[in-house]
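just the structure for this:
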Amino acid sequence: MFLSTLEIQSIIEHSFLPAVCTCNMEADQSLTIRVCDCMTGKVDLVATHVPLWTLDSPHAIATLVADMRQEIEAHKSIHPTYSI
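Alright, predicted model coming up:
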């Protein structure tokens, strides 16, 4: 199954809702993916040089999103956000 770049970007961006996620195509055909907290605007994760050609199936995209979510959660447990 072949997905267009726009479809891949849309799937990834929607997978992180309600967080704000943006995907940008780079000149080397890789993606830069930025995930920000929707309430604070704080950047939770930036993934660079994600090879677009590896995202060739829904399973590959789901695996990427799951890995990124795991990384975000691991970072939050190390640096918890406190509100006063």
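
got the contact list for the lowest-mean-pLDDT helix or strand in the chain?
Scoring the helices and strands of the chain by mean pLDDT, DSSP states H and E places helix 58-78 at the bottom, with a mean of 89. The contact list for helix 58-78, computed with CB atoms under 8 Å, 6 or more residues apart in numbering, reads 1, 3, 8, 11-12, 15-16, 33, 35, 44-45, 47, 50, 54-55. Just so you know, the C-beta spots here come from the backbone N, C-alpha and C atoms, and that holds for glycine as well.

can I have the buried ones of those residues as a PyMOL selection?
PyMOL command restricting these to the buried ones, with burial defined by 16 or more other CB atoms under 10 Å:
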select buried, resi 3+8+11+12+15+16+33+35+44+45+47+50+55
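
identify, by residue count, the longest strand of the protein.
strand 43-51 (DSSP state E).

which strand residues bridge the residue positioned nearest the centre of the chain?
A centroid search over the chain (CA atoms, centre = their mean) returns residue 33, at 4.8 Å, as the residue closest to the centre. Beta-bridge partners for residue 33, by DSSP bridges, are residue 23, residue 47.

that one contacts residue 43, correct?
No - look at residue 33 against residue 43 with CB atoms under 8 Å: they stay out of range, at 11.2 Å.

low-confidence ranges, this protein, go.
1, 78-84 (pLDDT under 70).

so which strand or helix has residue 35?
Residue 35 is located in strand 30-36, with elements delineated by DSSP states H and E.

coming back round to it: can you list the buried residues in the least confident helix or strand of the chain?
For helix 58-78, using 16+ other CB under 10 Å, the buried residues are 61, 64-65, 68-69, 72.

now it: how far from the chain's centre is it?
8 Å (CA atoms, centre = their mean, to the nearest Å).
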